[in-house]
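In: My questions are about this predicted structure, shown below with the sequence.
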Amino acid sequence: MATTLRRIDQLRDSIAPFLAFFTGPFARLNANPEIANFAVGNPQDFPMPDYVEALRAQLEPRRRDWFAYKDSEPKSQVVVARGLSERTGMTWDPADVAMTNGGFAALAVAMRALVEPGDEVIFLSPPWFFYEFMILAADGVPIRRNLAPPAFEPDLEAIAAAITPRTRALIFNSPHNPSGRVYPLETLRALAATLTDASERIGHPIYLISDEAYNRILFDGREFHSPAEVYAHTVVAYSYGKQLLAPGMRIGYLTVPPTMPDREAFREAVFVAQFATGYAFPNALLQHAIEDLEVLSIDISAMERRRDGLVGALREIGYETTMPEGTFYIMARAPIADDVAFCDLLGKHRVLVLPGTIVEVPGWFRISLTATDEMVERGIPGFAAAYAEAVQGG
C-alpha cells in the first residue's frame, strides 16, 4: 500500500501546477459570462451544424449491434488510412490504424505498448500538460529537454546528449502546443538523422511518438509534414477533437507508417495496450460517423484573422508575442517576472488566460484562439489595463 501511495503522490506531483490552476483561478472565473475566456482550447460557441448533423445521421441503429462493444471498426481504419495516404504520399495500411478514445488515449496506449519499467522517454518542454504524467504512469523515466522561447527550436545536440541505452522513445509535438510552431521537413529530417545515429549507437531503435493533434490547424497556407515521412520508427497519435473543436467527443487514432519494421507485432502490442489502458477505443457513434467527420473542420481562416487581430493589438499595447504558425495558441510575455501573479491581475480585468508556468514557460502566458470574436473585442481593453497597471506598479 505504501508503494502505491508513493506512486500516486509522484503522479499527482507531476500535474500539481495544472490542478492548482484548474481548481483555482479557472474554476472561479470560467463560469462568469463577463469573462473573456482565453484559457484553454474549449469551444466558446455552439458546435458546427454539420458536425451535429453527422452524429444525428448515425444515431438511428442500422442493425442490432449498432451500439455494441467496438474495437477498431474496419470502416474507420479505411477512412483514416486513406486520409493519411493522401496527405503524406505514403500508402498506409488500414490494419495499422488503431482507433482510440481521443489523442490522450492514443498517447497513453503508445506508452503502454512501447515502454518497459525503467525505460527513458525524452519529451520537449514546453510540453502538453500530461507528457510527464503519462511516462510516469507507464513506469517510464521522463527526460526533459527544453525548447527555448521565443523560437522554440529543438536543440538536436541536447537531444542526442540525453540519449542513453535506456532511451526508448522521444515525444515530438508539431504543430506545437503551446508555441504554435509548425516544424518544417528539414527539421524533421535532422531529427530523424539524430535518432537514427543514436539508435545505431545504443543498439536498438528509438521510437518517435509524434503527437499530431493540431496537424490540420495551420495558418498562412503552411503545409504539415509528419515525422513518419522521414523516420520509419514513428508512432503517430491524432485527435479529431481539434479540427472539429469538440474535445469532449473523444475519437482519435494511433498508427505507424508502412515503412516501420515489425508492424504486425506492434499492432498486437497496441491492441493489448488498449485493453490495459481501460478499453481505450472510441464509442460506436463516433466511429459510425467517421467518414463525415474526416472531412469536416472548423473555420481556420476565421481563426487566422482572430490571430492577426489579437497579435496586432497585444503588440501595440507593448506585449512581446509569438506569431503562431498553427494550433489554437498565442504565447505572450508577461510584463512582470511572475506570470501567475500577472494572470491573476488579468483576471481582475475580466480576462482569463493560462499562466506559462503551467506549461513550463515561466514569465509567459498562453492565449487560446478558440475564444469568440466578441471575447477578443471585449478582452483587449482588459489586456491593456492589466499591462498598464503591472508596468506602473513595477
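Out: Alright, I've got the coordinates.
In: Just list the residues touching the residue lying closest to residue 140 once chain neighbours are set aside, thanks.
Out: With sequence-adjacent residues excluded and distances taken as CB to CB, 6 or more residues apart in numbering, residue 140 is closest to residue 115, at 4.3 Å. All C-beta spots, glycine's among them, are computed from the backbone N, C-alpha and C. Residues in contact with residue 115 (CB atoms under 8 Å, 6 or more residues apart in numbering) are 121, 135, 138-140, 168-169.
In: May I ask which of those has the most neighbours?
Out: residue 121 (27 neighbours; other CB atoms under 10 Å).
In: Can you tell me who that one pairs with across the strands?
Out: Assessed by DSSP bridges, residue 121 has beta-bridge partners residue 142, residue 169.
In: show me what contacts it?
Out: Applying CB under 8 Å, 6+ apart, we find residue 121 in contact with 111, 115, 135, 140-143, 167-171, 209.
In: Just name the closest of these to residue 360, please.
Out: Set against residue 360, the nearest of the contacts of residue 121 by CB to CB is residue 142 (12.0 Å).
In: and the gap between the residue nearest the centre of the chain and residue 310?
Out: Per CA atoms, centre = their mean, the C-alpha nearest to the average position across the chain is that of residue 213, at 5.1 Å. Taken as CB to CB, to the nearest Å, the spacing of residue 213 relative to residue 310 amounts to 22 Å.
In: of all the contacts of residue 115, which two lie farthest apart?
Out: Largest pairwise distance in the contacts of residue 115, by CB to CB, is 13.3 Å, between 139 and 169.
In: Now the common contact residues for the two.
Out: In contact with both residue 139 and residue 169: 115, 119, using CB under 8 Å, 6+ apart.
In: need the next SSE after the one helix or strand residue 293 maps to, C-terminal direction.
Out: Secondary-structure assignment from DSSP states H and E places residue 293 in helix 290-294. The first helix or strand that comes after helix 290-294 along the chain, using DSSP H and E, is helix 300-317.
In: mind checking how far the very next helix or strand once past that following helix is from the chain centre?
Out: Downstream of helix 300-317, the next assigned helix or strand under DSSP H and E is strand 329-333. Mean-position distance between strand 329-333 and its chain equals 16 Å (CA atoms, centre = their mean, to the nearest Å).
In: any residues touching strand 329-333, and which ones?
Out: With contact meaning CB under 8 Å, 6+ apart, strand 329-333 is reached by 41, 149-150, 177-180, 307, 310-311, 314, 319-324, 356, 361, 363-369.
In: which residue packs closest to residue 184, ignoring adjacent ones?
Out: Nearest residue to residue 184 in three dimensions, chain neighbours excluded: residue 225, at 7.1 Å (CB to CB, 6+ apart).
In: Can you classify that neighbour as helix, strand or coil?
Out: Under DSSP: H, G, I helix; E, B strand; the rest coil, residue 225 falls in the coil class.
In: May I see the buried residues of stretch 250-263?
Out: 250-258, 260, 263 (16 or more other CB atoms under 10 Å).
In: Closest one of those residues to residue 25?
Out: residue 250 (25.6 Å).
In: The closest one - that's part of a helix, no?
Out: No: going by three-state DSSP, the assignment for residue 250 is coil, not a helix.
In: which residue ranges form the helices in the stretch 1-150 of the chain?
Out: Ranges of helices in the stretch 1-150 of the chain, per DSSP state H, counting those that start in this stretch, are 2-14, 16-23, 25-29, 49-57, 74-88, 102-114, 131-137.
In: hmm, who's touching the last one?
Out: Translated: helix 131-137. Contacts for helix 131-137 (CB under 8 Å, 6+ apart): 10-11, 14-15, 107-108, 111, 115, 121, 123, 141-142, 144, 171.
In: Recalculate using a threshold of 10 Å.
Out: With contact meaning CB atoms under 10 Å, 6 or more residues apart in numbering, helix 131-137 is reached by 7, 10-15, 18, 104, 107-112, 115, 119-125, 127-128, 130, 140-144, 168-169, 171, 173, 209, 211, 277, 360.
In: Only whichever of the residues you listed are buried, select them in ChimeraX.
Out: Selection of buried members from the contacts of helix 131-137 for ChimeraX, criterion 16+ other CB under 10 Å:
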select :14,15,18,104,107,108,109,110,111,112,115,119,120,121,122,123,124,127,128,130,140,141,142,143,168,169,171,173,209,211,277,360
